[in-house]
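Student: Using only what follows, build the 3D model:
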Amino acid sequence: MSAFLTLDGVGYETGGRTLLHGVALEARPGETVGLVGPNGSGKTTLLRCVYGALRPTAGSLRLDGGDLLALGPKARARRVASVPQDNPGEFELTVREIVAMGRAPHKRFWEPDTAQDASAVDAALARLGIADLAERAFPSLSGGERQRALVARALVQRPSLLILDEPTNHLDIRYQLEILGLIRDLDTTGLLALHDLNLAAYYCDRLYVLKAGRVAASGTPKEVLTPELLAEIYGVDAEIAVHPATGAPVITYLPAGSGSRIVS
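Tutor: Now for the predicted structure:
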């Protein structure tokens, strides 16, 4: 089941600095919505406000029309799963135990795992290609293996809204494509921050471009990813074409001074 996320006028201020300025955003049921923008543009701060690590200092966040900020931690965790960018590796747990933590929001305190829980964990491990790592200690994994384990934990949580901050970090090309394809094909709403604009163009239904904590542009990848926007937001020249097989925009970055253009 997928959710409808609506942000209206969301702001965040800390230490006298405003990091988000009146952000408005929609992620409709079943959509994969991408946040793009340069470092420091506010992508991670915005995601943290949505999944509850930070509390916005202005604006409203609504999930299926209800106040997301009014939900307690466990109630929120039944609806929203997140894979943050900064994933520590000090858990003294096995991969299976880490993934099984995703069932916690749906269980009573100290309720033992059931056969159904074990089946959900096994399915997620297999889907992320890490079944052979199930008994490995989480700290012993590579960065990419940890990332896949944490995505598996989020899947086991069975959220209606899945939030991921740079989910392709540390992953080789194969797993970048597999994880983004998995996210797109899930029966859930996805909100994710990405640095790779070509991946964002192919896997996201719509994009929000952030600059200095504000929404600079939003729309489909074809509407948003223009030479003019890339020059304004990223300060780069680029050539943009439409891939003949996928129909998605393909960006080629050019040396400074080359001039940006669209290739038909």
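Student: So which residues of the stretch 1-150 of the chain form strands?
Tutor: 5-14, 17-27, 32-36, 58-63, 66-67, 80-83 (DSSP state E, counting those that start in this stretch).
Student: got CSV for those, with distance to Leu254 and mean neighbour count too?
Tutor: C-beta coordinates here come from the backbone N, C-alpha and C atoms, glycine included. Listed next are the strands of the stretch 1-150 of the chain as CSV, based on distance: least, Cβ to Cβ, whole Å; neighbours: other Cβ atoms under 10 Å:
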stretch, distance to Leu254, mean neighbour count
strand 5-14, 34, 18
strand 17-27, 31, 18
strand 32-36, 19, 24
strand 58-63, 38, 18
strand 66-67, 46, 11
strand 80-83, 33, 24
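Student: To Asp196, which of those lies closest?
Tutor: strand 32-36 (9.0 Å; Cβ to Cβ).
Student: That closest one - contacts with which helices or strands?
Tutor: strand 17-27, helix 43-51, strand 189-193, helix 197-203, strand 206-211 (3 or more Cβ pairs under 8 Å, 6 or more residues apart in numbering; DSSP states H and E).
Student: before we move on, back to that, would you mind giving the strands of the stretch 1-150 of the chain as TSV with mean pLDDT and distance to Val215 added?
Tutor: TSV is the format used below for the strands of the stretch 1-150 of the chain (pLDDT from 0 to 100; distance: least, Cβ to Cβ, whole Å):
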stretch	mean pLDDT	distance to Val215
strand 5-14	98	10
strand 17-27	97	6
strand 32-36	98	10
strand 58-63	97	12
strand 66-67	96	22
strand 80-83	95	21
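Student: I'd like the ones you listed written out as CSV, with distance to Ala124 added.
Tutor: CSV is the format used below for the strands of the stretch 1-150 of the chain (distance: least, Cβ to Cβ, whole Å):
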stretch, distance to Ala124
strand 5-14, 23
strand 17-27, 23
strand 32-36, 19
strand 58-63, 23
strand 66-67, 27
strand 80-83, 11
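Student: Could you pull up the residues touching Ala104?
Tutor: Shown in contact with Ala104 (Cβ atoms under 8 Å, 6 or more residues apart in numbering): Ala77.
Student: Leaving out chain neighbours, which residue sits closest to Cys204?
Tutor: Gly34 (3.6 Å; Cβ to Cβ, 6 or more residues apart in numbering).
Student: Touching stretch 242-249 from outside, list them.
Tutor: Residues outside stretch 242-249 that contact it (Cβ under 8 Å, 6+ apart): Asn198, Ala201, Tyr202, Pro221, Lys222, Leu225, Ile240, Ala241, Val250, Ser264.
Student: same thing but at 6 Å, please
Tutor: Ala201, Tyr202, Pro221, Lys222, Leu225, Ile240, Val250 (Cβ atoms under 6 Å, 6 or more residues apart in numbering).
Student: next one: stretch 40-57
Tutor: With Cβ under 6 Å, 6+ apart as the criterion, stretch 40-57 contacts 10-13, 19-20, 35, 37, 76, 80, 82, 163, 165, 193, 210-211, 213.
Student: First residue to last residue on that stretch, what's the distance there?
Tutor: 18 Å (Cα to Cα, to the nearest Å).
Student: List the buried residues in that stretch.
Tutor: Buried residues in stretch 40-57, defined by neighbour count with 16 or more other Cβ atoms under 10 Å: 41-52, 54, 56.
Student: residue ranges of the helices in the stretch 151-264 of the chain, please?
Tutor: With helices called from DSSP state H, counting those that start in this stretch, the stretch 151-264 of the chain shows them at 173-185, 197-203, 221-224, 227-234.
Student: where in this structure is pLDDT low?
Tutor: Along the chain, the parts satisfying pLDDT under 70 run over 86-91, 257-264.
Student: try 50
Tutor: For the chain, no stretch is flagged by pLDDT under 50.
Student: Run through the bridge partners of the residue nearest to Cys204.
Tutor: Leu192, Leu207 (DSSP bridges).
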